[in-house]
Each structure stands twice: as C-alpha cells, then as structure tokens.
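[1] Using only what follows, build the 3D model:
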Amino acid sequence: MDLSSVLHELAAGEWVSGERLGARWGVSRAAVSKHMKRWRPHLEALGLTLCSERGRGYRLSKPIDLLDEGLLSAAPVPVFARVCLDSTQLEARRLMLDRELPFAVVSEHQSSGRGRRGRVWQSGFAEGVWWTMAVELPCAPVQLGGLSLAIGAALGDCLERECGVAVALKWPNDLLLDGGKLGGVLLEVSGEAEGPSHALLGVGLNTGRVPPAVDGQQAASLALGQGRRSQLLVSLLSACWTVLQRYPESGFSPWREKWQARHAWQGRQVSVTGAALSEACSGECLGVDEQGALLLDVGRERRRVVSGEVSLRCR
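    Okay, the predicted model is just below:
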C-alpha cells in the first residue's frame, strides 16, 4: 500500500478497522499496523494527524477533500494528478520531455510551490487548488504580454459564477478576496522569436484554512463544501483553456474591460517599485492599456509600466 491508498481509505475522517483495511489491501491486521507506523511520520509532515485506538482502528483527525480523478477527466486537457510534489511547475517541465501538449498537473500538496519573484507559495494539504498547464501557442512570445491578466479576469468571472464571491485583481497577477490574497497566476513563456511559444501557466488558490501573511500581505481563502474542489478545478481549467485558445489571435483586448472592472486599486494613489525602474514612482493608478501594461498618472504625466518585476503597494 502507498500513501495515496492510506489517504483515500481515511479521507472521511471516520474510524476504519484494521480488519477492514487488511481485507482491502490483502494483508494481515499485523501488516496494517506495521504500514500505519511507517506512514505516520509522512502524514504528520503533511500536517495530518493519524489517530489509532484499540478496537476501533484508524482515522485522520479531520476529513480531507481529496481530488477525484474521475471528475478531473472532464477537464479540457489531460490532467496528471499527484498526491505530493515539489511543485506542479517542476513536474510539468519534467513531463514535457515525453508528453504531448497540452496537459495539466495538479497536486494535493506542494513542498516547494512558488509565486512571482521566487516567493514561497504556502499551502496546506488539500487546502487549495493549484496546477500548472503546459501548452503550445501559435504565436511569438512577445505577443503574450497581457496573457496572465486575461487569465486573472477569466478566473475572477469563473469564481463569481461558481462560488458567488466578488474577486478583485491586483496588477499584475494577484487575485484578492475581501482585501486578502486569495491566489495568483504565474506565467512562464519560451520559444523562438517568430513562434510558436511554449507556456507554463501556473495558478494557485486557497480553499481551506487561511494561510499566514506573506511579506505583510494578508491572505484569504474560499469556503468550499466537501467534494467541491474537483468540480471547481475543472471549471477553472476550462476558463483558462478558453483564454488560451482565443488569445493568440485576439490578444488582451477582449479581457481588458473585464480586468478593469475588477481592478482593486483603480483611481487610487499607489507606489511602484522594482528592479526595472531607475527609481520608485507614485501616482494615480489608471488601470491597464491594450497590452496589459500598468498606467500611472505621475504629476500630470502618464507613465506606462510593463515589467513583470514590479511590486505595487497602496500609499
């Protein structure tokens, strides 16, 4: 038996006897006890507590909502589901060596998940939806400048439709809920100057306990009912796939107004800093242009910020 088997047997958080587990796995009750001792530290490393009691068997201290691979088969691209990974992005890179594009990688847990600028993405076991989609697009990399913003707008619409929440967007790649960071988009693009392009589109959203603040930014999370993660993930993958199919021909323009409507800091005074800027600048945030660049009114002068290494903070 492997870790996945243990998790699926105990996911409901209810007592399961050693006899029942032994019958399912084709081993003796003594062998079940031995395997459970072996897997206990692995479960604890994932933040899961394994309880055992004579006469009752084994259970997890709380139920977990595992992804349903049967439901994930309804996604618009093949989905490779994992229990634990370093990160879905790294796994996608490995799979690109011998798998046909497009595909998506999802996981219950990431030990080395990351966001923009190398920041750590913290996520509890089965307490979010995070994935990387690997695709080939028939255009040059330079034409994909506003793609992550279009994805953000599409995700916002999907979450409002599926979960009834009002998601705001922070340039360039953050999704906000009630002022806290709900998730983010990470896009890496490579390819020849004339195309085609290969894109790794990573998305992470919190759906369980609210993670701790990172770099002073508070987090937020969706409250989902049991069994909803798989359905939501399929809907989000479908929303992203729709954007990816249309974007090479349409560019950012069809999603600009949708993004602007969710812009958290539209018309507010902001400060922009980043390695690509010679000095920090402050001004009124005017939204984004047709290519997804940030527009600032700085002393009656309109400035256009395009670098992906820019950080944005309210003054």
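[2] now the strand ranked longest in the chain: how far from the chain's centre is it?
    The longest strand of the chain (DSSP state E) is strand 180-191. Taking Cα atoms, centre = their mean, to the nearest Å, the mean C-alpha location of strand 180-191 is offset from the chain mean by 8 Å.
[3] for that strand, packing partners?
    If contacts are counted by 3 or more Cβ pairs under 8 Å, 6 or more residues apart in numbering; DSSP states H and E, strand 180-191 sits against helix 147-163, strand 174-177, strand 197-206. Quick note: C-beta positions are derived from backbone N, CA and C, even for glycine.
[4] What are the buried residues along stretch 220-238?
    220-222, 224, 228-237 (16 or more other Cβ atoms under 10 Å).
[5] could those residues go into a markdown table alongside pLDDT, secondary structure and distance to residue 180?
    What follows is these, written out as a markdown table (pLDDT from 0 to 100; DSSP: H, G, I helix; E, B strand; the rest coil; distance: Cβ to Cβ, whole Å):
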| residue | pLDDT | secondary structure | distance to residue 180 |
| --- | --- | --- | --- |
| 220 | 94 | coil | 3 |
| 221 | 93 | coil | 8 |
| 222 | 94 | coil | 11 |
| 224 | 86 | coil | 16 |
| 228 | 91 | helix | 20 |
| 229 | 93 | helix | 20 |
| 230 | 95 | helix | 24 |
| 231 | 94 | helix | 24 |
| 232 | 96 | helix | 19 |
| 233 | 97 | helix | 21 |
| 234 | 97 | helix | 25 |
| 235 | 97 | helix | 22 |
| 236 | 98 | helix | 19 |
| 237 | 98 | helix | 24 |
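[6] of all those residues, which two lie farthest apart?
    Using Cβ to Cβ, these span at most 22.2 Å, a distance reached by 220 and 234.
[7] So for stretch 304-315, mean pLDDT?
    Mean pLDDT, stretch 304-315: 63.
[8] again with stretch 47-64
    For stretch 47-64, the mean pLDDT works out to 95.
[9] Please apply the same query to stretch 88-108.
    For stretch 88-108, mean pLDDT is 96.
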